[in-house]
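J.: Structure here, sequence nowhere to be found:
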Ligand SMILES: NC(=O)c1ccc[n+]([C@@H]2O[C@H](COP(=O)([O-])OP(=O)(O)OC[C@H]3O[C@@H](n4cnc5c(N)ncnc54)[C@H](O)[C@@H]3O)[C@@H](O)[C@H]2O)c1
């Protein structure tokens, strides 16, 4: 069976997650990794953080895998076909563009870039590139969110009247050089965390006319807790709350409550089963949700796009750029206490 030869850059929380996905995948072979941290290159992955349990090993056998301290050497390696970038956000654009110019396929973590200007440059490079390109907007592939997208599109319960999304976390302090707690490097919780819901809302409902946000500055120095109303006119209410200002051992939670004409659908990672449907007829149902998570599913999708030689449609470079644009509009709205019109 044809296998895509993968090089992973940045072996932190998400790098380890992606590494584990490729390792398990029958259509991928990891041929190289790159990280500035010698411990990661030696296979000592014991000092890793994260807010989602990855079940990965602490000591990893890297025999047969080339290790690079300089990510540019991995990009230049002719054995590497797919460059997977899970670097801190402020480094995404630089390395994604380098890898695209080198003719590689590129999967880069969300957000595609720290600014709209850099996101535009990546989208431009992706347009001209020989290789396939995708941004890992994993929520588009997350089973509970795929389920919601399907019932919205298929109008299973009629039209949406209101949709409320939530993403709550304590502050992520595990990052390399504590980059997440520096909004100049991470963009703050709005660009790092809340962007998942912003992107999903744009995916299922298209762009809102305006955004109106309230937000507070947090430990990153940027806006680390936000509540946004997305304006879709008089007939639908859409809002999202996201932040990492929660205290102590507050559990990470992603959730939604969507009211349709004929049912209310509720999801939370704190519930078991995670999705419940309350129908207008009084029934309480638990729909069948696909197994797995968004990380495995997005990587499976991207590998198949490469092998089938098709451009990924589920997340386009423009989609990823627009997610950054929308978050920046929310940031302006929160800072200036006003509506911000959206023009995508
Ligand atoms: N999709 C999701 O649910 C999700 C969750 C967490 C993080 N992320 C994203 O993944 C990316 C990485 O986040 P993280 O939490 O894994 O960060 P992290 O700090 O845990 O890992 C970053 C890694 O990059 C390495 N690194 C730093 N500079 C480097 C360089 N120049 N060359 C090579 N290696 C370098 C560090 O040593 C570290 O191992 C971010 O963009 C973040 O937004 C996505």
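T.: Arrived safely. Quick caveat: nothing in here was measured; it's all calculated off a predicted structure.
J.: Is residue 11 in contact with residue 40, as I believe?
T.: Yes - here residue 11 reaches residue 40: they are 4.2 Å apart, a contact under Cβ atoms under 8 Å. In this view, the C-beta of every residue, glycine as well, is placed from N, C-alpha and C.
J.: So between the two, which is more surrounded?
T.: Comparing residue 11 with residue 40 by other Cβ atoms under 10 Å, the one with more neighbours is residue 11, at 27 against 24.
J.: is it true that the more buried one lies in a strand?
T.: No - applying DSSP: H, G, I helix; E, B strand; the rest coil, one finds residue 11 to be coil, outside a strand.
J.: Between residue 11 and residue 40, which contacts overlap?
T.: Jointly contacting residue 11 and residue 40 under the rule Cβ atoms under 8 Å, 6 or more residues apart in numbering are residue 33.
J.: What pLDDT is listed against residue 49?
T.: Listed pLDDT for residue 49 reads 68.
J.: Also residue 2?
T.: 87.
J.: what sits against it?
T.: Residues near residue 2 by Cβ under 8 Å, 6+ apart: 27, 307.
J.: Adjust the sequence numbering to begin at 282 for everything that follows.
T.: Sure, I'll start numbering at 282, so the last one becomes residue 283.
J.: which SS class is it?
T.: Following three-state DSSP, the label given to residue 283 is coil.
J.: The one 4 residues further on now?
T.: Put simply, residue 287 is strand when judged by three-state DSSP.
J.: Also residue 458?
T.: Put simply, residue 458 is helix when judged by three-state DSSP.
J.: Now do the residue in the chain that the ligand sits nearest to against residue 324, distance only.
T.: Residue nearest to the ligand within the chain (Cβ to the nearest ligand atom): residue 293, separated by 1.7 Å. According to Cβ to Cβ, to the nearest Å, residue 293 and residue 324 sit 15 Å apart.
J.: The two: which has the busier surroundings?
T.: residue 293 (23 against 18).
J.: quick one: contacts for the residue nearest the centre of the chain?
T.: Nearest to the mean C-alpha position of the chain, by Cα atoms, centre = their mean, lies residue 418 at 3.5 Å. Shown in contact with residue 418 (Cβ under 8 Å, 6+ apart): 391, 477, 480-481, 484, 579, 596, 600-601, 604.
J.: now swap in residue 447 and tell me
T.: Applying Cβ under 8 Å, 6+ apart to residue 447 gives the contacts 478, 521-523, 534-537, 549.
J.: Can you give me the distance of it to residue 533?
T.: Counting by Cβ to Cβ, the gap from residue 447 to residue 533 is 11 Å.
J.: now residue 391
T.: 17 Å.
J.: same thing with residue 593?
T.: Separation of residue 593 from residue 533 (Cβ to Cβ): 27 Å.
J.: what does the stretch 282-431 of the chain put close to the ligand?
T.: By Cβ under 6 Å from any ligand atom, the residues of the stretch 282-431 of the chain that approach the ligand are 290-296, 315-318, 321, 352, 367-370, 372, 390-391, 417, 419.
J.: go again using 5 Å as the cut-off
T.: Within the stretch 282-431 of the chain, the residues that sit near the ligand (Cβ under 5 Å from any ligand atom) are 291-295, 316-318, 352, 367-368, 370, 390, 419.
J.: Pick out whichever of those sits closest to residue 516.
T.: When those are ranked by distance to residue 516 (Cβ to Cβ), residue 419 comes first, at 29.9 Å.
J.: if I pick the nearest residue in space to the closest one that is not next to it in sequence, what's in contact with it?
T.: Ranked by Cβ to Cβ, 6 or more residues apart in numbering and with sequence neighbours excluded, the top spatial neighbour of residue 419 is residue 575, at 3.3 Å. Contacts here follow Cβ under 8 Å, 6+ apart; on that basis residue 575 touches 419-424, 426.
J.: Put together JSON lines for those residues, with neighbour count and secondary structure on each row.
T.: Converted to JSON lines, the contacts of residue 575 look like this (neighbours: other Cβ atoms under 10 Å; DSSP: H, G, I helix; E, B strand; the rest coil):
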{"residue": "419", "neighbour count": "22", "secondary structure": "helix"}
{"residue": "420", "neighbour count": "23", "secondary structure": "helix"}
{"residue": "421", "neighbour count": "23", "secondary structure": "helix"}
{"residue": "422", "neighbour count": "23", "secondary structure": "helix"}
{"residue": "423", "neighbour count": "24", "secondary structure": "coil"}
{"residue": "424", "neighbour count": "18", "secondary structure": "helix"}
{"residue": "426", "neighbour count": "22", "secondary structure": "helix"}
